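[1] sequence below, structure please.
(2 chains)
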Amino acid sequence: MANVKEKQPVHPLEELIRTERLPHIWCPGCGIGTVFSACLAAIQETGIDYRKFSMVSGIGCSGRGAGYVKLDSFHTTHGRAIPFASGIKMANPSLNVIVFSGDGDLFAIGGNHFIHAARRNMDITVICINNFIYGMTGGQVAATTPHMDRSATTPYGNPETPFNLPLLAYASGATYVARWTMIHSRDLTDSFVEAINHRGFSFIEVLSPCPINYGRRNKLKSLDMLKLFADKTIIKNNADPAELAIDFKKGIVLGKFVDVDKPTPEENYEKICMMREG
Amino acid sequence: MEPKVLTGEHFINGDMACAEGAIAAGCTFFGAYPITPATEVAERMSERLPDVCGVFMQMEDEIAAMTSILGAAWTGVKTMTATSGPGFSLMMETVGLAVVTETPCVVVNVQRGGPSTGLPTMGAQADMMQVKWGSHGDYEIIAIAPSSPQEMFDLTIEAFNLSEKYRVPVFIMSDEVVGHMSEKVVIPEAKEIKTIARIKPKGRKDQFKPYQPGENGVPPMPAIGDGYNVHVTGLTHDEQGYPVMSVDTQKDMMERLLGKIRNNLDDIIRTESYRLDDADIVIVSYGVSARTAFTAVDMAREMGINVGLLRLITVWPFPEEMIRELSKRVKGFVTVEINMGQISREVQRCAGGNAPSYLVGHAGGTVITPDEVIHLLKKAF
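    Numbers count the residues shown, from 1 in each chain, chains lettered A, B, ... in the order given. Below you'll find the predicted structure:
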């Protein structure tokens, strides 16, 4: 067999990965990699020229996504991925801009930018990996941590109530809103493809485990969280966004909740400028 | 529709002239957030950008305004924002991102009295240290201080040119008085306006290193969509643009970031001398206060006080060598600025032991009068 050249198997997403940067920083048991790979698969599936994509991340574990994708990619400051992405999109509307970041980045420090980009119907795709915790800094309470859960800064239980992210997105004006978990990788990929092709602000929340910094303090072993994602979720497209609060006891609703067509600010801006000329 | 360059004589205020300078320089993206006394820059840009197929976008806060101009700049266009004290404070973190990612952009600060909400409608020059040191870590930027609406036009073009050439945020450190003062502004013909655009990379895309220095230590800059697949991060990075958490990478990156300014001082620093050659007392001033200083020099000379003016057109990088050289032959320095002592400290540092340095300062809200300068000159010398 010595004269048979064996071809190294090529990963189907290799053309979109900065392989020279591997291994990545994500911990064993972390769900970000799965979501990241679903995102890359979706980019591939759209068939759009890769040069027409740009990925922007903020800070945190999920925020490292932009560092591994072989696209023009930007790892910005904490919470500011969305205004950075908005600048790109407004300056060059032919680009598909994907924001890939985490719950802490997008909804605590970056919350104001999120609601305004949604209100504008800015034509970008925002993927939020919600792992219920600040992972990179060691497991502090987040705006998404369930009430009474423990974290490095709520050692006796979280006194606060978490965001219902799809409701926030819907109320702010997002025109595409979905929620999946990282184990629903096919639905996730389909949803990302839809979101990329969607005209306007699209938002996908992806529930994902952080066994090291969330699970450990809340008696959830690596696989326990995935079991919850499988057993305690129900797919209910077009569900009322007000009924999407996360409660593992009652069950969590997944699916696509909003998909409407509205003009985007860059289209409107161009139209207004044209009207002025006329 | 108005032309890109409004050639002719105009009677406009400094904020308007700044916007016209930006348009003439080729700015096609403005990220805005309203704030007194800089709002007129944004208003004028919102009116004018459609003339040049540009984009005006009012963001939700100054953090977003500053961040949006960085994103837009990476699509290959020239970008600007304008603000004042409180907004400038909010922009500080993103200034660091602009510096470390070497994203060209122009930031206008029409200074007002501070701290905090301070004196929104009244001028000051008290953000001069903040512009140099306000973001965390060491860095070098370029800051320009226009003294008139004409200079708001001319120096905004200059700011874009320096920004494109050195891939660094350049600051127009104006103030409420210059921003709101109306004077004659002469706008030349388009062909007489020199504009510079960033250097684009050449050669094989797969071998391209986004942070490999080119001429003057400045790397060529591709735009999103050019096919270079750049990765741009605020983390310490190597020439490939990839994060590397090492002492050596930090040292290499910092040396180049600081070096591209520090090694090109002759090309960057602009000053104006007035009756300085035979002077034995030097007034150092900039922006609106330089107007006071010009008058003060003439008044003092009438009284037989042998004084001259060094006007800083660029305040940062600071003309250390010039002050040091002067300090060897003069009796002393007087810095005139509307703050409680900022650039005067730089003068003092550079004059170090050779000549005394005094401040004619003010807490803000009004301009300094020539009489105050004369009073100090008489008292100190």
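[2] and for the closest residue to chain B within the stretch 151-278 of chain A, nearest residue in space, chain neighbours not counted?
    As assessed by Cβ to the nearest Cβ, chain B sits closest to A:Cys273 within the stretch 151-278 of chain A, at 4.1 Å. All C-beta atoms are positioned from the backbone trio N, CA, C, and that covers glycine. Nearest non-adjacent residue to A:Cys273, counting by Cβ to Cβ, 6 or more residues apart in numbering or on different chains: B:Pro50, 4.1 Å away.
[3] picking that back up, part of a helix, is the residue of the stretch 151-278 of chain A closest to chain B?
    Yes - per DSSP: H, G, I helix; E, B strand; the rest coil, A:Cys273 lies within a helix segment.
[4] need the pLDDT of it.
    Note for A:Cys273: predicted pLDDT of 91.
[5] what's the neighbour count on it?
    Residues contacting A:Cys273 under the criterion other Cβ atoms under 10 Å in any protein chain shown number 17.
[6] that one and B:Val52 touch, don't they?
    No - if you go by Cβ atoms under 8 Å, A:Cys273 and B:Val52 don't touch, sitting 10.3 Å apart.
[7] need the overlap of contacts for the two.
    Counting by Cβ atoms under 8 Å, 6 or more residues apart in numbering or on different chains, A:Cys273 and B:Val52 have no contacts in common.
[8] nearest spatial neighbour of B:Pro243, skipping sequence neighbours?
    Here the residue nearest B:Pro243, using Cβ to Cβ, 6+ apart, is B:Leu235, at 3.8 Å.
[9] what about the residue nearest to A:Cys273, distance to A:Met275?
    Using Cβ to Cβ, to the nearest Å, B:Pro50 is found at 10 Å from A:Met275.
[10] compare the two (neighbour count), which wins?
    Between B:Pro50 and A:Met275, counting by other Cβ under 10 Å, B:Pro50 is the more crowded of the two (20 against 9).
[11] how about the more buried one, secondary structure?
    helix.
[12] how near is whichever residue of chain A sits closest to chain B to B:Thr67?
    When scored by Cβ to the nearest Cβ, chain A has A:Gly87 as its residue closest to chain B, at 2.9 Å. A:Gly87 sits 7 Å away from B:Thr67 when distances are taken as Cβ to Cβ.
[13] returning to what we had before: got the contact list for the residue of chain A closest to chain B?
    Applying Cβ under 8 Å, 6+ apart, we find A:Gly87 in contact with B:29, B:31, B:57, B:67-73, B:79.
[14] at 7 Å instead, please
    B:31, B:67-72 (Cβ atoms under 7 Å, 6 or more residues apart in numbering or on different chains).
[15] could you do B:Gln240 as well?
    Here B:Gln240 is in contact with B:Lys209 (Cβ under 7 Å, 6+ apart).
[16] thinking again about what came up before, surely the residue nearest to A:Cys273 touches A:Met274?
    No - counting by Cβ atoms under 7 Å, no contact exists between B:Pro50 and A:Met274, whose distance comes to 9.0 Å.
[17] please determine how far the closest residue to chain A within the stretch 51-200 of chain B is located from B:Thr103.
    Nearest residue of the stretch 51-200 of chain B to chain A: B:Gly71, at 2.9 Å (Cβ to the nearest Cβ). Distance from B:Gly71 to B:Thr103, counting by Cβ to Cβ: 9 Å.
[18] repeat for A:Gly255
    39 Å.
[19] please list the residues of the stretch 51-200 of chain B that sit near chain A.
    Contacts of the stretch 51-200 of chain B with chain A, taken as Cβ under 7 Å from any Cβ of the partner chain, map to B:55, B:57, B:59-61, B:63-64, B:67-72, B:74-75, B:77, B:93-94, B:97.
[20] how about a cut-off of 6 Å?
    Taking Cβ under 6 Å from any Cβ of the partner chain as the measure of proximity, the stretch 51-200 of chain B contacts chain A at B:55, B:57, B:60, B:64, B:67-68, B:71-72, B:75, B:77, B:93, B:97.
[21] quick one: contacts of stretch B:298-309?
    Identification of contacts with stretch B:298-309 by Cβ atoms under 6 Å, 6 or more residues apart in numbering or on different chains yields B:274-276, B:279-283, B:293, B:297, B:370, B:374, B:377.
[22] pretty sure the residue of the stretch 51-200 of chain B closest to chain A contacts A:Ile88?
    Yes - in this structure, B:Gly71 is within contact of A:Ile88 by Cβ atoms under 6 Å, at 4.2 Å.
[23] quick one, which of these two is more surrounded?
    Comparing B:Gly71 with A:Ile88 by neighbour count (other Cβ under 10 Å), the higher total belongs to B:Gly71, at 31 against 26.
[24] quick one: B:Val108 is in a strand?
    Yes - according to three-state DSSP, B:Val108 belongs to a strand.
[25] just list whatever residues bridge to it.
    Note on B:Val108: beta-bridge partners by DSSP bridges are B:Ala82, B:Ile172.
[26] touching, it and B:Ala82? I think so.
    Yes - with contact defined as Cβ under 6 Å, B:Val108 counts as touching B:Ala82 (3.7 Å).
[27] need the overlap of contacts for these two.
    With Cβ under 6 Å, 6+ apart, B:Val108 and B:Ala82 have common neighbours B:Val41.
[28] more crowded one of those two?
    Neighbours per residue (other Cβ under 10 Å) separate B:Val108 from B:Ala82, with B:Ala82 holding more: 34 against 30.
[29] CA atoms of stretch B:301-313 as PDB?
    Output of stretch B:301-313 as PDB, limited to C-alpha atoms (Å, rounded to 0.1, in the frame of the first residue of the first chain):
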ATOM      1  CA  ARG B 301       6.100  94.400  22.300                       C
ATOM      2  CA  GLU B 302       4.600  97.900  22.400                       C
ATOM      3  CA  MET B 303       5.500  97.900  26.100                       C
ATOM      4  CA  GLY B 304       9.000  96.800  25.300                       C
ATOM      5  CA  ILE B 305       8.600  93.200  26.500                       C
ATOM      6  CA  ASN B 306      10.500  91.000  24.100                       C
ATOM      7  CA  VAL B 307       8.000  88.300  23.600                       C
ATOM      8  CA  GLY B 308       7.000  85.900  20.700                       C
ATOM      9  CA  LEU B 309       4.400  83.200  20.100                       C
ATOM     10  CA  LEU B 310       4.700  79.600  19.300                       C
ATOM     11  CA  ARG B 311       1.300  78.400  18.100                       C
ATOM     12  CA  LEU B 312       0.700  74.700  18.200                       C
ATOM     13  CA  ILE B 313      -1.300  73.700  15.200                       C
END
